[in-house]
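**Q** Got a predicted structure plus its sequence, pasted below:
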Amino acid sequence: MAIEKLLFEPANAVELLRGWLLHAHKGRDRHDQAARRYEARRTGFGVPAIILSAAVGTSVVASVGRDAAVWAQVLVGLMSVAAAVLAALQTFFDYPGRAERHRIAGTRYKAFIRELEETRATAGSIPDREYLDGLRQRLDALEQEAPVVAASIYDAVERRYAQGARLVDEAAVLYGSGGASHPAP
């Protein structure tokens, strides 16, 4: 189920920075989750491949010099094929490389977040157009360089942020501040 994307139309530079900050937080979360997913898959393919390879090697050494039962020969053959398939899949899917690329993207989003937070905390006035252009260009470059995130991760992050936005809106109504206190995603 895809999440509906809302149009973001900031009324001023402060709202623009808040929107970019929210966008950067989502990007960081997406890439952190993707890095964790691919790291888990690396382990999920690598550990069984290592265990099967070790078992095959041990079985071959143990069977040298004596005749092994047919079922044992078949079992060793199947384990050998399984180990080779797991190792090939891990190489083909490049889970370690994918995890690292997402980790780097997440780290870059974190740096961008820190800069936006610093700008919002220390700006005595609204940032000028040149500064905003520079920020936008760096955010655009980050988006272009970042690897694509799986749709399931993207949608999960969107759902989590949408739930958080609803909670903020409900709290604002309860505590009398009126409208939404967050930019649209």
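**A** Good, I have the coordinates.

**Q** in the chain, which helix has the most residues?
**A** In the chain, with assignment by DSSP state H, the single longest helix is helix 13-63.

**Q** where along this structure do the helices fall?
**A** 13-63, 70-93, 95-122, 129-145, 151-174.

**Q** what would those look like in CSV with mean pLDDT, mean neighbour count and distance to residue 7?
**A** The way it works is simple: take the backbone N, C-alpha and C, and place the C-beta from them, glycine included. Putting the helices of the chain into CSV (pLDDT from 0 to 100; neighbours: other CB atoms under 10 Å; distance: least, CB to CB, whole Å) gives the following:
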stretch, mean pLDDT, mean neighbour count, distance to residue 7
helix 13-63, 85, 17, 11
helix 70-93, 81, 14, 36
helix 95-122, 92, 16, 21
helix 129-145, 93, 12, 17
helix 151-174, 83, 14, 15
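
**Q** quick one: residue 93 from residue 141, how far?
**A** Using CB to CB, to the nearest Å, residue 93 is found at 27 Å from residue 141.

**Q** Ok, residue 8 next?
**A** 20 Å.

**Q** which residues does residue 142 contact?
**A** Applying CB atoms under 8 Å, 6 or more residues apart in numbering, we find residue 142 in contact with 27, 105, 108, 109, 112.

**Q** Same question for residue 55.
**A** residue 79.

**Q** can you rerun that using 10 Å?
**A** Counting by CB atoms under 10 Å, 6 or more residues apart in numbering, residue 55 makes contact with 75, 76, 79, 80, 82, 83.

**Q** Determine which two of the contacts of residue 142 are furthest apart.
**A** Spanning the widest gap among the contacts of residue 142 are 105 and 112, at 10.6 Å by CB to CB.

**Q** list the residues that contact both of those two?
**A** 27, 28, 142.

**Q** would CSV of the residues you listed with distance to residue 70 be doable?
**A** Shown next, in CSV, are the shared contacts of residue 105 and residue 112 (distance: CB to CB, whole Å):
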residue, distance to residue 70
27, 56
28, 56
142, 59
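
**Q** Nearest to residue 99, out of these: which one, please.
**A** Closest approach to residue 99 among the shared contacts of residue 105 and residue 112 (CB to CB): residue 28, at 15.2 Å.

**Q** nearest residue to that closest one other than its sequence neighbours?
**A** Spatial nearest neighbour of residue 28, chain neighbours left out: residue 109 (3.7 Å); criterion: CB to CB, 6 or more residues apart in numbering.
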